[in-house]
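Asks: coordinates only, sequence not included:
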């Protein structure tokens, strides 16, 4: 099965196609001065962009892992998530607390999707 | 490859079939008054139920991620895990500490399986 | 799709082949007296060994999850990671903080790869 990698930096690729499956990196917002809602919007927009580049779409997400540095941020993150997801095509999901690479990052999301 | 989603709520689907692979959501117990062993039993019974619904089985789990809010709970969780898994068909696995959405939840497990 | 499991202990298999995809367990170093760089070297050597056993290679990693018990260890881990990865074939990746099973373990890495 062929592998196609997109937007590779020194550490990772932001998206990897493997046959009919797409693996994204954990995505954080670029503007870390935003609150958790603003950061979640940025993360989900970036996931939209990367999925499109890899021939996928948010309606085809299979599994998502969401990390927030304080679990109490989950409610605000979920408000943005709920507006964004395709309500007829929801993925498996886990949301847990974890400190992220940048202390100002308030959410990181990593998804696996179908093409 | 076709996608089939099972038991979708507002945020997520509990199980997603993608071709020959099944992705579950992170599962927590419903009765959070139970201790970690009781909660692990509930989680694993729910995983059994969801895998069956998606045409899979615990003997076909490929990879599992287990989160406990205190890493010292790992031993008690493992006692229940060891009794439950098919000893001839063990998955890849990571068990790490993370605060979960509900502070009373003592274990959350997310698995990927084959059909 | 066939499943082949490698090096199964009481809790887990270190590598699981599923068709064209390989799932590893979360790998920690054996010598936990080493610093984070030494432990990362050990973990990555073990991932090399397991991927080879499952018919894969580091140039075919699709997605990696990296846990460090103190997020400030990320820089030192990344130095070893950057030397190890195939720069033309970088995976998706998330690196987050989490307490690990053994308090002396300074890094745990779980990867999914293509064959």
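Replies: Cool, got the structure. If you're wondering where the values come from, they're calculated on a predicted model, not measured in any experiment.

Asks: anything in stretch A:65-75 sitting right up against chain B?
Replies: Yes - under the criterion of C-beta under 8 Å from any C-beta of the partner chain, chain B is reached by stretch A:65-75 at A:65, A:71, A:74. Where C-beta positions appear, they are placed from N, C-alpha and C, glycine not excepted.

Asks: what number of residues lie near the residue nearest to the first one when sequence neighbours are not counted?
Replies: What sits nearest to residue A:65 in space, not counting adjacent residues and going by C-beta to C-beta, 6 or more residues apart in numbering or on different chains, is residue A:110, at 5.0 Å. Residue A:110: 21 surrounding residues under other C-beta atoms under 10 Å in any protein chain shown.

Asks: measure residue A:110 to residue B:63 for me?
Replies: According to C-beta to C-beta, to the nearest Å, residue A:110 and residue B:63 sit 14 Å apart.

Asks: List of residues touching stretch A:29-39?
Replies: Applying C-beta atoms under 8 Å, 6 or more residues apart in numbering or on different chains, the contact partners of stretch A:29-39 are A:28, A:40-43, A:46, A:68, A:73, A:76-77, A:79-80, A:102, A:104-107.

Asks: which of the residues in that stretch are buried?
Replies: By 16 or more other C-beta atoms under 10 Å in any protein chain shown, the buried positions in stretch A:29-39 come out as A:29, A:36, A:38, A:39.

Asks: and what of stretch A:102-110?
Replies: Using 16+ other C-beta under 10 Å as the test for burial, stretch A:102-110 gives A:105, A:106, A:107, A:108, A:109, A:110.

Asks: Tell me the one among those nearest to chain C.
Replies: In terms of C-beta to the nearest C-beta, no member of the buried residues of stretch A:102-110 lies closer to chain C than residue A:110, at 4.7 Å.

Asks: So what does residue A:79 have for phi and psi?
Replies: phi -60, psi -40 (degrees, to the nearest 10).

Asks: cool, residue A:35 as well?
Replies: As for residue A:35, its main-chain torsions (degrees, to the nearest 10) stand at phi -80, psi 180.
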